[in-house]
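In: let me see the structure of the following:
(one chain, ligands or ions: 1)
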Amino acid sequence: MFNSIENFVEEWEREAKMTAGLLDTLTDESLARRIVEDRRTLGDLAWHLIASIQFMNALGLSFEGAGEGDGTNRAAFALAQGYRSISDRFIDAIQMQWSDANLSDRVEIAGEAWSNGDSLRFALMHQAHHRGQMTVLMRQAGLRPPGLYGPAYETWVEQGMAPRA
Ligand code: NI
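Out: Now for the predicted structure:
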């Protein structure tokens with residue numbers, strides 16, 4: 001769990017940059033891509049990342065949400081823009097409305113009392129989890145996702161290195 005807002009914000013900003021970069025790579029045509037029938041599309045997953053930040057209001061933070069709807073009619077650029085903007089509002093709210101002491105406060109989430117510091121850790125891991133799903137769908141849609149925790153396949157090739165199998 002996080003004990004320091006400063007530490008969380010530093011990590012969130014690093015991760016949010018990766019997420020925004022990933023969303024920048026989406027095209028409008030790619031948003032309908034799904035792995036199997038009835039599962040979430042790339043567009044659904046992009047919207048889910050935005051809505052998940054909005055859910056942090058449940059921890060007692062107050063910031064403007066991402067608007068109505070489920071994001072299915074949004075263009076790729078609007079998803080990337082919507083993500084950046086709600087991420088900034090979320091971080092502003094944490095910095096202005098919470099002190100480190102609030103990270104030990106407990107809020108009931110799905111029937112369990114979670115400390116806010118744990119919820120913030122979960123938010124980061126949850127975001128990375130869905131980013132991973134998105135990179136697979138993006139590959140299937142013919143897109144080149146940016147390198148996240150390491151170079152993308154093409155980057156290895158472009159740099160004259162043997163890509164890892
Ligand atoms: Ni999720």
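In: which parts of the host helix or strand of residue 16 are buried?
Out: Of the helices and strands defined by DSSP states H and E, residue 16 is found in helix 5-25. Using 16 or more other CB atoms under 10 Å as the test for burial, helix 5-25 gives 5, 8, 9, 12, 15, 16, 18, 19, 22, 23, 25. Just so you know, the C-beta spots here come from the backbone N, C-alpha and C atoms, and that holds for glycine as well.
In: with stretch 146-162 instead?
Out: Going by neighbour count (16+ other CB under 10 Å), the buried part of stretch 146-162 is 148, 151, 152.
In: what mean pLDDT does that stretch get?
Out: Averaged across stretch 146-162, the pLDDT comes to 85.
In: ok, now stretch 65-72?
Out: Mean predicted lDDT for stretch 65-72 stands at 72.
In: swap in stretch 52-59?
Out: The pLDDT scores in stretch 52-59 average 94.
In: that stretch: end-to-end distance?
Out: End-to-end distance for stretch 52-59: 12 Å, by CA to CA, to the nearest Å.
In: show me the longest helix that occurs in this structure.
Out: Criterion DSSP state H: the longest helix present in the chain is helix 116-140.
In: that helix: how far from the chain's middle?
Out: Computed by CA atoms, centre = their mean, to the nearest Å, the chain-centroid distance of helix 116-140 equals 6 Å.
In: pull out the buried positions in that helix.
Out: Residues 116-121, 123-124, 127, 130-131, 134-135, 137-138 are the ones in helix 116-140 that count as buried (16+ other CB under 10 Å).
In: stretch 53-71 too?
Out: By neighbour count with 16+ other CB under 10 Å, stretch 53-71 contains the buried residues 53, 54, 56, 59, 61, 63, 66, 71.
In: kindly indicate which of the buried residues of helix 5-25 lies nearest residue 92.
Out: Proximity of the buried residues of helix 5-25 to residue 92, judged by CB to CB, is greatest for residue 9, which lies at 10.0 Å.
In: residues contacting that closest one?
Out: Neighbouring residues of residue 9 by CB atoms under 8 Å, 6 or more residues apart in numbering: 91, 94, 95.
In: so which of the residues you listed is the most crowded?
Out: Counting neighbours by other CB atoms under 10 Å, residue 94 leads the contacts of residue 9 with 21 neighbours.
In: that one: which element?
Out: helix 76-97.
In: can you give me the buried ones in that helix?
Out: For helix 76-97, a neighbour-count test (16+ other CB under 10 Å) marks 76, 79-80, 82-84, 86-87, 89-91, 93-94 as buried.
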